[in-house]
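> my questions concern the predicted model and sequence given below.
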Amino acid sequence: MRHRQFSLPDFCNHFTEERIRTLLLRPEMKREYFGHGESLLIESINRMSFFETGNYLLWEKATFFKSSGKVVIENKNDDPLENHSATAYQNWVIETFLSDSVGDIRVEKKNLEGKLAQWLARPDNFSNIVSCGGEALILSDNVFGKNIVYRFHPFSSALFCDRLLANLHVRLKINKVTDYSTQQYDPISANRSSGKD
């Protein structure tokens, strides 16, 4: 009896929004946050889309103006590089962690803490944990009779921390591989077209 071969689109279609939401709410997916609000703001600036790409490397300081909801990003000499509107997430961080701050809020990249959160799940408590260290959590699963792994690497230290996100509405947007391309990458063809041997 021949076994059916499952393609990449089959796997992508298997992971519906409902399945992914269920996966993200599993007990293994919990972290504890022990940083401060300034680090969350610094992280959020590192994820912003800069008008000039080079400013991502040049920025050292930023000022959040409460009255206007604007963010001025500056270099090490305090020269303004870019002006942005604060994101909903940045406003949430300010209201949650920095509500006692008087006046505008100034952050410096050098004050980013090295480790802000850690996964609470321990491999000896969950048989499906492949790795749980640093910022990433890797879980094993079986889909269509195939052993697969999920790698979770949160872009923000606040993600998966119940204490922080209890009053925050988190939106979920799923980007599947098949949304971008259904073509297979052929390294031999790619090398030929680029003139490499």
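Sure thing, it's come through. From a predicted model like this one, the values you see are computed outputs, not experimental measurements. Numbering: from 1, shown residues only.
> distance of residue 35 from residue 156?
Applying CB to CB, to the nearest Å, the value for residue 35 to residue 156 is 11 Å. For the C-beta atoms, the positions are set from N, CA and C on the backbone; glycine is no exception.
> again, but for residue 5
38 Å.
> got any ranges where this protein has weak pLDDT?
1-4, 164-172, 176-197 (pLDDT under 70).
> residue 5 and residue 156: who's more crowded?
For residue 5 versus residue 156, the count of surrounding residues by other CB atoms under 10 Å is larger for residue 156: 17 against 7.
> tell me the spacing between that one and residue 113.
Distance, residue 156 to residue 113, using CB to CB: 13 Å.
> ok, now residue 138?
On the measure of CB to CB, residue 138 and residue 113 end up 24 Å apart.
> and residue 30, by the same measure?
Using CB to CB, one gets 20 Å for the distance from residue 30 to residue 113.
> now swap in residue 25 and tell me
27 Å.
> likewise for residue 7?
According to CB to CB, residue 7 and residue 113 sit 43 Å apart.
> these two - which one has more neighbours?
Per other CB under 10 Å, whichever of residue 7 and residue 113 has more neighbours is residue 113, with 14 against 11.
> so the more buried one touches residue 37, yeah?
No - Residue 113 is beyond contact range of residue 37, at 10.9 Å (criterion: CB atoms under 8 Å).
> list the contacts of the spatially most central residue of the chain.
In the chain, the residue lying closest to the centroid (CA atoms, centre = their mean) is residue 155, at 1.9 Å. With contact taken as CB atoms under 8 Å, 6 or more residues apart in numbering, residue 155 is in contact with 43, 47.
> what helix or strand is it on?
Assigned by DSSP states H and E, residue 155 belongs to neither a helix nor a strand.
> one step back: give me the common contacts of residue 35 and residue 156.
By CB under 8 Å, 6+ apart, no residue touches both residue 35 and residue 156.
> tell me the buried residues in the helix or strand in which residue 9 is found?
Using DSSP H and E, the element containing residue 9 is helix 8-14. Counting neighbours by 16 or more other CB atoms under 10 Å, one finds that the buried residues in helix 8-14 are residue 11.
> cool, stretch 142-161 as well?
The neighbour-count check on stretch 142-161 (16+ other CB under 10 Å) flags 150, 152, 154, 156, 157, 158, 159, 160, 161 as buried.
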